[in-house]
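# any chance you could fold what I've pasted below:
(chains A, B, C and D)
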4 protein chains.
Amino acid sequence: MPGNSFGELFRITTAGVSHGPGYLVIIDGCPPGLPLSAEDLLPDLRRRRPGQSKLVTQRQEEDVPEIWSGVFDGRTDGTSIGILFRNTDPRSQDYSDIKDKYRPGHADFTFDAKYGFRDYRGGGRSSARETVCRVAAGAIAKKLLGQQGVRVLGYVKQVGDVIAAMADPSAVTLEQVEATPVRCPEPEAAQRMINLIEEVRKEQDSIGGVCELVAVGMPPGWGEPVFDKLKADLAKALLSLPAVMAFEYGAGFGVATARGSANNDPFVARGGRIGTETNRHGGMLGGISSGEPIVLRVAIKPTSSLPRPQRTVTRTGEPTEIVTRGRHDPCLLPRFVPMGEAMVALVLADHWLRWRAQCGTHG
Amino acid sequence: MPGNSFGELFRITTAGVSHGPGYLVIIDGCPPGLPLSAEDLLPDLRRRRPGQSKLVTQRQEEDVPEIWSGVFDGRTDGTSIGILFRNTDPRSQDYSDIKDKYRPGHADFTFDAKYGFRDYRGGGRSSARETVCRVAAGAIAKKLLGQQGVRVLGYVKQVGDVIAAMADPSAVTLEQVEATPVRCPEPEAAQRMINLIEEVRKEQDSIGGVCELVAVGMPPGWGEPVFDKLKADLAKALLSLPAVMAFEYGAGFGVATARGSANNDPFVARGGRIGTETNRHGGMLGGISSGEPIVLRVAIKPTSSLPRPQRTVTRTGEPTEIVTRGRHDPCLLPRFVPMGEAMVALVLADHWLRWRAQCGTHG
Amino acid sequence: MPGNSFGELFRITTAGVSHGPGYLVIIDGCPPGLPLSAEDLLPDLRRRRPGQSKLVTQRQEEDVPEIWSGVFDGRTDGTSIGILFRNTDPRSQDYSDIKDKYRPGHADFTFDAKYGFRDYRGGGRSSARETVCRVAAGAIAKKLLGQQGVRVLGYVKQVGDVIAAMADPSAVTLEQVEATPVRCPEPEAAQRMINLIEEVRKEQDSIGGVCELVAVGMPPGWGEPVFDKLKADLAKALLSLPAVMAFEYGAGFGVATARGSANNDPFVARGGRIGTETNRHGGMLGGISSGEPIVLRVAIKPTSSLPRPQRTVTRTGEPTEIVTRGRHDPCLLPRFVPMGEAMVALVLADHWLRWRAQCGTHG
Amino acid sequence: MPGNSFGELFRITTAGVSHGPGYLVIIDGCPPGLPLSAEDLLPDLRRRRPGQSKLVTQRQEEDVPEIWSGVFDGRTDGTSIGILFRNTDPRSQDYSDIKDKYRPGHADFTFDAKYGFRDYRGGGRSSARETVCRVAAGAIAKKLLGQQGVRVLGYVKQVGDVIAAMADPSAVTLEQVEATPVRCPEPEAAQRMINLIEEVRKEQDSIGGVCELVAVGMPPGWGEPVFDKLKADLAKALLSLPAVMAFEYGAGFGVATARGSANNDPFVARGGRIGTETNRHGGMLGGISSGEPIVLRVAIKPTSSLPRPQRTVTRTGEPTEIVTRGRHDPCLLPRFVPMGEAMVALVLADHWLRWRAQCGTHG
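The predicted structure follows:
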């Protein structure tokens, strides 16, 4: 199928561009009976929202979701959930320069190569504003997962060379994450990250980082053993977000230098259930959840849009320079956290339903 | 859909277990007219095969593909291609111990959790022998891509702490890769990798590593802008392989410490076409190919099966030890290379057809 | 995937209920470059619209499409097309009675059985108003097909026992169809149909009929040979519309009494191309278009909602009567024509893209 | 996706041609724990088999299924089920004539139009022998459904002008169906059908007919309300079989002349559950099962292959004649019955899993 849908059984489809009337998302496959209102979507939408702190872009978007269908008498009714977001602060004049120049690091050139032309206003369909749809859908997935005892949480692990050393990723709380605008639960590292981002902003530059995402309360047995391994679907989900350049789970790239004798997690019986002593496998074995916390990390590149001149070419190949005006985050990480959580939640909700279809007890 | 298929338009579906009669793969969507015979599949199958060198498991599998359909008069005829592999050297007695014990790092426990029981013979459906299907299908995808001028090649970049410094990944040749049994094109590093693997084997241990995969000759414009980004589908494809713990492309995790001003690749006009001066974006921007070489890396964990005792539990949670007898690779990397290439080729062939459906010129 | 999407490569997803804020449809996979505006959708939307003549329900819906994305500078740009319709004339008080009673012939009971409860306002998600989304998407598919020389047209073939004898279904014109409010191109039969519908309305009853749908200008070679036969996808498409109880193509049910010697259509060479002398095969052989006109028929049941009392039960099984107030068509056929055309167009556009993916010439 | 797969959650994929080594079918998504052996597949395979009576083709195929995977210790284990059938009696010389001539009523011409060339041996991929895969998979689906109390049964309703009047389709038993080689449960009609088929065979001709298919024990609530209506998926499933020209359920084409007041089925409370007094709706309302028996009918055309000369053209358009030698059924109906049952069972099993995913109780 074409590329504007995600998920097999808990499935979202999106449309919209950053400088058109707004965005649409249709969520299909949600079980009936889940209490839901637009209010439920606001917390994560606010975490994603531009303008929430001085660390992020000052573009003001209200991001008020309008639920048009799929909810009746305060509960999902099993039919497709349609949600709208109106664009309220486009300021399209900011983007006139990019019509004929290719912004480095952006999709301008590749859109032209694929489609022959492009909606050049604010990135058009390639704008990260599309993630408003994902975050809304992810909030619904989180509610579903919550009913199953599964909680998804992300936080900023690294900005530039500032790394937060988290002893136990599964112990981090939402309150810790939200305590600082940079969404790093380790206060000292958080402050250094904030300082770094401020410094980078003053230099008219941007900086990358790493987001860690955790799912706790996972039952063992979700996932598929061959192509749709849970790790594979999570990797796709995260890499489908703009600016993500890398994905790892558990020991990740660290396994390259590891020996099997040290890398394998011994199985142990614990509290009446079987688990592992350590969690270098990041909660997934053979593509299926083990019951240990799912732990993964993604690397986010520094914002491509810069308020300083960058070399590039025009559509016809003439060398030129471009200054990407507009309001851009000097570091994408703080706002990435809810986006990453949403994608993890969408994958887990999908695999929960897949598990239920094939392996669930009969009604 | 269930998890034994991969791809949207160039689609493969597999069945089979390591200690049953054999494997089946059905390839659907291949364009008609591609010259094809079983011979075309042998080179990559041999690269994947156990027993090909002293570095890898001595299990002897012939891996002779039988093409049952989809090829007529030496060419694909547009109908589904059915291929069989018979298992010839199962030695099922090697695996009797694992019936009631959970091998660390394997899918034994998670299969039981998901399905209630499992085919414990040699890993059953979770055996990496399933990749014989992928490599065969990947060889067909490679032939298709070759007609479009696209070549996919992988090599071992790292084993343990031995890292091969490749100046230009896109310049590596198949001959260089195949020159050593470890499949590292840099001879000096290759020798050190071989030495390390031998040392690890003697210690009854295993070692991880990194495989780098490259696609050259890519036209710009393949890929999808939102969920099915080329990078996302590649990440899923690679993470769907056993033992892969991490994925990155272009600058990868390196972007975490990078600044935008240094990370963005400037666009330049070059030989009548538009490209980028550097390739930190790994050949993909906004999820769509840029025309620069696609460059990605994956980390492979050390083999979980070890000929030394490991702590674990039984199905009922009793502490015990297990020695995974049988013939196992001390390092998965050399045999991983054709598997990784196959998955990259499957994704690219799929996106080529997707491009053709939506953006191709009319017949 | 869940059931609110249709099509593989030209794919639509819908959400919305008859008495909520409105409807959303997302069209994914449309090739870029197709000239498109909201105006293009109006003609078919008006043909589908209630209140267009005295033969159909007097409920007044404006059905003004708002295109939110996927069109730039007057052309489709290859990204997902999002379209909205606002509900403007709900009159929800008309439907209060159906909250606790099951309307015969409707989905009230089966929705409750499936989901546990239902949006009872005007049929909720089961309302035929959902077809506004399909007709809009179908209008886009028709434009695409028009560029390939394919034209889709439907008309009313039968109402009750009044049957229009069309000598050549492929010669019928849109003008002939639209000449009468009943959409039967044979004037004498049309008048008798109109009289019959008027008579039925006066009796507070409803009447069924048959719609014939034709696609001319079809190239041979569209379709798939096994499960996704063109005839199979057309059957699904048409049966996915409310009230459709039967489907046949070509000689249809007539083949039951036919002999092979009389039923086979001899191949002939005609004007430089190969065709068939007769078209009992309705333009499809082996699931693939033959180049002859596609001709199919569907039977539509009489409107289930009646302004006269019908026996039924309450949600708790108490016997009762129900009078379905509100404004309902005494005969669904006239408004069905654009819905049927839309579904045929969606299938053909989808198979055109599928053909292009697998068999199209290389870019 | 390409066209060699069917089903969303209970999904089959097939490969194979009539004159190659054999057929492969992969069944994905079957719940674990279903007792299964190759023996379970034989009864329906024998009903489908050629040569079973003098009424059908004398081509002798053993149709012995080899289960290669997905079954362990006598039960399905949740992984993909791979099944093989070897072709044993090809007699390829019978088909040499059709290499350059287009058989009327067959897919020869349309395959050439789509793919540029074709496997002309015995119809290649378009051979109805492919249904051996469907019948095997259908037998598994039937077992699954049997556990849910659902039974699928078909029979011959009509051959030529001989129509069996069945008072209650849901009361027909397998024994009644299998009592005669023509598979009509009404003995007197069965004999007249047999006589007619014999007569037609002597005239070197063929004859069409109607198959009725029934599912009893259906719980209410299976199906999807919009595009994947149960009736729509059943229509697609049946129309995906060779030679099927028409589909209807419940009152079918009869609704064209019906009035709403007579066509609606009143709801009644019956034995503690809600049902309908009559079943003109054929067990489905709004695309969802009502709990009443599903009743549908399909029309099968007379065999296209005839042992008498038919007019046609060569690949280059030269007028010629063709006599389709080989062993063909003069009437497809008796062997169609298990094929039709298989497709119904596949759809119902799929929708059972879909219901379980979205609406099933939590494990």
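
# where does the stretch 1-150 of chain A dip in pLDDT?
Applying pLDDT under 70 to the stretch 1-150 of chain A picks out residues A:1, A:56-61, A:89-95.

# run through the strands of the stretch 151-300 of chain A in chain order.
In chain order, the stretch 151-300 of chain A shows strands spanning A:151-159, A:162-163, A:209-216, A:244-249, A:267-270, A:273-276, A:284-285, A:288-289, A:294-300, with DSSP state E, counting those that start in this stretch as the criterion.

# what sits up against the fifth one?
I take that to be strand A:267-270. With C-beta atoms under 8 Å, 6 or more residues apart in numbering or on different chains as the test, strand A:267-270 has contacts from A:274-277, B:102, B:104, B:109, B:311-313, B:317-319. No exception for glycine: its C-beta is placed from N, CA and C like everyone else's.

# as a markdown table, these with neighbour count and distance to D:Cys331 would be great.
Formatted as a markdown table, these follow (neighbours: other C-beta atoms under 10 Å in any protein chain shown; distance: C-beta to C-beta, whole Å):
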| residue | neighbour count | distance to D:Cys331 |
| --- | --- | --- |
| A:Ile274 | 22 | 60 |
| A:Gly275 | 18 | 63 |
| A:Thr276 | 24 | 63 |
| A:Glu277 | 15 | 68 |
| B:Tyr102 | 25 | 57 |
| B:Pro104 | 27 | 62 |
| B:Phe109 | 27 | 55 |
| B:Arg311 | 14 | 68 |
| B:Thr312 | 27 | 62 |
| B:Val313 | 23 | 62 |
| B:Gly317 | 16 | 62 |
| B:Glu318 | 11 | 64 |
| B:Pro319 | 12 | 68 |
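
# mind checking which of the residues you listed land in helices?
B:Phe109 (DSSP state H).

# export the contacts of strand A:267-270 to a markdown table and tack on distance to chain C?
Putting the contacts of strand A:267-270 into a markdown table (distance: C-beta to the nearest C-beta, whole Å) gives the following:
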| residue | distance to chain C |
| --- | --- |
| A:Ile274 | 34 |
| A:Gly275 | 34 |
| A:Thr276 | 34 |
| A:Glu277 | 39 |
| B:Tyr102 | 34 |
| B:Pro104 | 36 |
| B:Phe109 | 30 |
| B:Arg311 | 43 |
| B:Thr312 | 39 |
| B:Val313 | 39 |
| B:Gly317 | 38 |
| B:Glu318 | 43 |
| B:Pro319 | 44 |
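
# mind listing the helices for the stretch 251-363 of chain A?
Along the stretch 251-363 of chain A, the stretches classed as helices by DSSP state H, counting those that start in this stretch are A:260-263, A:333-359.

# now the stretch 51-200 of chain A against chain C: closest residue?
A:Gly82 (3.0 Å; C-beta to the nearest C-beta).

# now the stretch 251-363 of chain A
Taking C-beta to the nearest C-beta, the stretch 251-363 of chain A has A:Leu353 as its residue nearest chain C, at 9.3 Å.

# skipping adjacent residues, who's closest to that residue in space?
Spatial nearest neighbour of A:Leu353, excluding adjacent residues (C-beta to C-beta, 6 or more residues apart in numbering or on different chains): A:Leu9 at 3.9 Å.

# kindly report the same for A:Ser240.
In space, A:Ser240 is closest to B:Ala232, 4.0 Å off (C-beta to C-beta, 6+ apart).
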